[in-house]
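**Q** pasting the structure only:
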DNA sequence: CATGAATGAGGTTTCATTCAT
DNA sequence: TATGAATGAAACCTCATTCAT
């Protein structure tokens, strides 16, 4: 988590420029992958010259680190918020709300999800660990809801880990398989159908 | 599907060498991505010299094309075999067998699956179409079973496409998220649990 | 010796700023060389911003020119003072005093000496000529003393040029080979021993 | 002392090409310094293309390392040979022969000497130590002769280290101050005069 | 059939210099 | 007078591909 080199003393500006860089870059990374995306492409995409871009980063890899860090934080935040949802709701509502929240989050950060699917396996050890940590936190949040539901008899689940993974994956796949869903479903329809299916899986059968 | 250049007239040898090249390359592509994998790495991995390797391919891209073509064929074969399964079994058995068959196939070709997840979005239009066609064929096979089951009252499914996608995805994810499953489940356990879950989703509730 | 561009009409200030710039820069040039020393490093070392620094110089090369000019002047001054020393002293005292004066001067301007040793060969023709002229002036001053001593029978020297060069070099080497002398000799010890050795070389043997 | 990357398995060729590279590069480094010398310049100087040059080195720095290593070895060899000279000669002959040998060696490797004078201060710690070690070995060889001569009453020297340094420096300066000597002295004349001077310094005065 | 040295275009990165504020 | 963001040329380095042996 070391500081990234910059030549500018103006922290506000640095933050702003880095934001532009990351969001342009993640789009390109998601489409073409890290290696195929040239610095020139990134610079062009965020209307900077190459030289200027390098005032805000130290090297190309830094862009990836920053993008991963941002996504990681988003995941941790989501997990934290989710863990509070059980305070005010029953398991069924909590699960419904969390699925919807997660799927919407994925929809808002499609590029990040695709980028991670593309690059995860080629990341260095520490970056990779950090990404996985974020994903595990989200899964743990779902597991928590499922476990609570099992304890009070609302849900019946053989293996919470696997079910949580299934839910998370269905969300991610929305971003990853856009080619399949585009034009067929809106995100809300997709959520509705999948939520129904998931509920069929986990709810105790009411005779 | 244009012919790939070779300098050798011996088709047997060409076939053999290309097989070596593809299987070495797909491993590397899955781990490091196409661009990060150098011709040198591929040559080393299959114990050829660069010069010799270039006797059997025309350019680096050809290796990718060949790998994709091989995967495509595997998918089409699988779909075809599956479509015959209903001739001799009921929908429940057919679904169970097909899930198992598909998941095992993914397990046997993990590298290919990861490679596709990594590179699909950066492929050129025609290669991409061809890959998607293969995936759709597999999905269609599952849809076919589900639809048959619905017609005879065994299954109840809101949206066959989505359910088929869910099944296929759960299979692929076995390869893609090895970091999550490794050491926790064997492929057979994974199949068993997921099959059970899927059945809960699609089987008509027997009161 | 063309004028160096400045945006400031205040000559006092220009002079002052340039002094700061040169002394910071020469230190860095001596350690890292001209090319490896960035404008940024120089600006930081003299607590200016890049923009401000460029108000007092036209281009990076100007800093080098100014540094060389300053050293050149120091050399000429030294040579001039030396040429007067024979007016009031005999050759032995004059030589002793001049050696001491020269070695102390080198000690005071170590950075400049190292900088010249590093960069001399890569200078353009005219800068280079100017530096050499300064060095020759100093050598000539020593030659003059030696020649005078030879004429009056105090010294015996085969080749005044070479002996003068030897003396000057022993002085310069104090700055250049600091790694060898540091902690072993003070400048005054170094002067004492070397003076003795030089005297043994040049004094007529008194039987 | 780690191996330098090469793509060629032919060690003979690698050795040969590296020899060409080093000798071309050292010339350029001596004249323009390491940083000002571009890879293009080096490639041009040894009639290679940039790409081909990079088959025999890993990075520009490697060229410097190799050049330093070669010079280092030359120094150690010289020191070793010198240490045997006392076996068969008296101190006076040994000193005369060694001075001549050393000065000739410097003359043969002028570029290396100039290169070291230019770059020593900007080298990283370990390269630097290695160069200094070589220089100290040569100095120690001279010290050894001087000390032997003092013990048997032939020489009288106040400080062997300083005298050894003086001798070595006079040799190096032949390469460094070519501008001063060129056209005035041949290397043999330079050796003759300096040897005489040094002898005057170190020989016990015979009344 | 096999080899690997050679090529050169294109990628990333650095840095002196300018100029609007 | 002072600032530092922006520029773009040029540096280093990689790698797919060819071709003489």
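**A** Looks like it arrived, so ask away. Computed from a predicted model, the values in this text were never measured in an experiment. Numbering: from 1, shown residues only, chains lettered A, B, ... in the order given.
**Q** could you use CA atoms for every contact and neighbour count after this?
**A** Will do.
**Q** need phi/psi at the residue nearest to residue A:83 when sequence neighbours are not counted.
**A** Spatially, and ignoring its direct neighbours in sequence, residue A:83 is nearest to residue A:141 (5.9 Å; C-alpha to C-alpha, 6 or more residues apart in numbering or on different chains). Backbone geometry at residue A:141, expressed as degrees, to the nearest 10, gives phi -60, psi -40.
**Q** pretty sure residue A:141 is touching residue A:85, no?
**A** No. Residue A:141 is not in contact with residue A:85 according to C-alpha atoms under 8 Å; the separation is 9.8 Å.
**Q** who has more neighbours, those two?
**A** Taking other C-alpha atoms under 10 Å in any protein chain shown, residue A:141 and residue A:85 do not tie; residue A:141 has more neighbours (22 against 18).
**Q** and whichever residue of chain A sits closest to chain B, helix, strand or coil?
**A** Of all residues in chain A, residue A:118 sits closest to chain B, at 4.2 Å by C-alpha to the nearest C-alpha. What DSSP: H, G, I helix; E, B strand; the rest coil gives for residue A:118 is helix.
**Q** got the contact list for stretch A:66-75?
**A** The contact list for stretch A:66-75 (C-alpha atoms under 8 Å, 6 or more residues apart in numbering or on different chains) reads A:22, A:23, A:26, A:112, A:127, A:130, A:131, A:134, A:135, A:137, A:138.
**Q** low-confidence ranges, chain A, go.
**A** Low-confidence segments of chain A (pLDDT under 70): A:1, A:206-207.
**Q** quick revisit: reformat the contacts of stretch A:66-75 as a markdown table; add neighbour count, secondary structure and distance to chain B.
**A** Shown next, in a markdown table, are the contacts of stretch A:66-75 (neighbours: other C-alpha atoms under 10 Å in any protein chain shown; DSSP: H, G, I helix; E, B strand; the rest coil; distance: C-alpha to the nearest C-alpha, whole Å):
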| residue | neighbour count | secondary structure | distance to chain B |
| --- | --- | --- | --- |
| A:22 | 23 | helix | 19 |
| A:23 | 18 | helix | 18 |
| A:26 | 28 | helix | 14 |
| A:112 | 23 | helix | 14 |
| A:127 | 17 | helix | 14 |
| A:130 | 15 | helix | 13 |
| A:131 | 19 | helix | 12 |
| A:134 | 21 | helix | 13 |
| A:135 | 18 | helix | 10 |
| A:137 | 18 | helix | 13 |
| A:138 | 24 | helix | 13 |
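**Q** surely residue A:185 is in a strand?
**A** No. According to three-state DSSP, residue A:185 belongs to no strand; its state is coil.
**Q** hmm, back to that, run through the residues that contact the residue nearest to residue A:83.
**A** Applying C-alpha under 8 Å, 6+ apart, one finds that residue A:141 lies in contact with A:79, A:80, A:82, A:83.
**Q** please report how far the last one lies from residue D:104.
**A** Read it as residue A:83. With distances taken as C-alpha to C-alpha, to the nearest Å, residue A:83 is found 81 Å from residue D:104.
**Q** ok, now the third one?
**A** According to C-alpha to C-alpha, residue A:82 stands 81 Å off from residue D:104.
**Q** is DNA strand F contacted by the biggest helix by length in chain A?
**A** In chain A, assigned by DSSP state H, the helix with the most residues is helix A:60-88. No. Helix A:60-88 is not in contact with DNA strand F by C-alpha under 7 Å from any atom of the strand; minimum separation 13.4 Å.
**Q** show me what counts as buried in that helix.
**A** Across helix A:60-88, burial judged by 16 or more other C-alpha atoms under 10 Å in any protein chain shown covers A:62-69, A:71-72, A:75-76, A:78-79, A:82-83, A:85-86.
**Q** okay, domains of chain A per the record?
**A** Listed domain ranges for chain A are A:11-60, A:65-202 (source: automatic domain parsing).
**Q** so how far is the first one off the chain centroid?
**A** Same thing as domain A:11-60. Centroid separation between domain A:11-60 and its chain, computed with C-alpha atoms, centre = their mean, to the nearest Å, is 20 Å.
**Q** equivalent analysis for the last one, please.
**A** Using C-alpha atoms, centre = their mean, we find the averaged C-alpha position of domain A:65-202 to lie 8 Å away from the chain's own average C-alpha position.
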